[in-house]
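[1] Need coordinates for the following:
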Amino acid sequence: MKPIVTITYCTQCRWLLRAGWTAQELLVTFEEELGGVTLIPGSSGIFEVRAADQIIWSRKDEGRFPELKELKQRLRDQIAPDRALGHSERQPE
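    This is a model prediction of the structure:
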């Protein structure tokens, strides 16, 4: 069974578009590895990404939103550690 990613976002903060965009990017990048992405409305400034019930990103803990590159790397490390991410892994010269 493929893992499901959940993105819990704050409806009061109007973060649905950010959550939707993040979900789209994760589905495009991990289309073979993921069983889906579920958006969960929340409150109190939450923006949290989980995979297989483990927190990948928490805005509360990190103090900011994730850069997409960073989020993809963390998710990859969790669900497909041997997978290359191409340009998302290149280090600046």
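[2] secondary structure class for residue 49?
    strand (DSSP: H, G, I helix; E, B strand; the rest coil).
[3] From residue 29, how far out is it?
    13 Å (CB to CB, to the nearest Å). C-betas here are computed from N, CA, C, even on glycine.
[4] Give me the nearest residue to residue 1, chain neighbours excluded.
    Excluding the flanking residues, the one nearest residue 1 by CB to CB, 6 or more residues apart in numbering is residue 35, at 6.5 Å.
[5] Then residue 15?
    Residue 15 sits nearest to residue 9 (CB to CB, 6+ apart), 4.2 Å away.
[6] and what of residue 52?
    Per CB to CB, 6+ apart, closest to residue 52 is residue 3, 4.5 Å.
[7] Does the one you found touch residue 79 like I think?
    Yes. Residue 3 is within contact range of residue 79, at 5.3 Å (criterion: CB atoms under 8 Å).
[8] give me the element residue 72 is part of.
    Using DSSP states H and E, residue 72 falls within helix 68-79.
[9] ok, residues contacting that helix?
    Contacts with helix 68-79, where a contact means CB atoms under 8 Å, 6 or more residues apart in numbering, come from 3, 5, 22, 25-26, 29-30, 33-34, 49, 51-52, 54, 56-57, 66, 83, 85, 88-89.
[10] hmm, try it at 6 Å
    3, 25, 29, 33, 51, 56-57, 83, 85, 88 (CB atoms under 6 Å, 6 or more residues apart in numbering).
[11] Residue ranges in the chain under the pLDDT threshold?
    The chain contains residues with pLDDT under 70 at 87-93.
[12] In it, what residue spans correspond to helices?
    16-29, 59-62, 68-79 (DSSP state H).
[13] List just the one of the ones you listed that sits closest to residue 42.
    Smallest distance to residue 42 across those (CB to CB): 9.7 Å, for helix 16-29.
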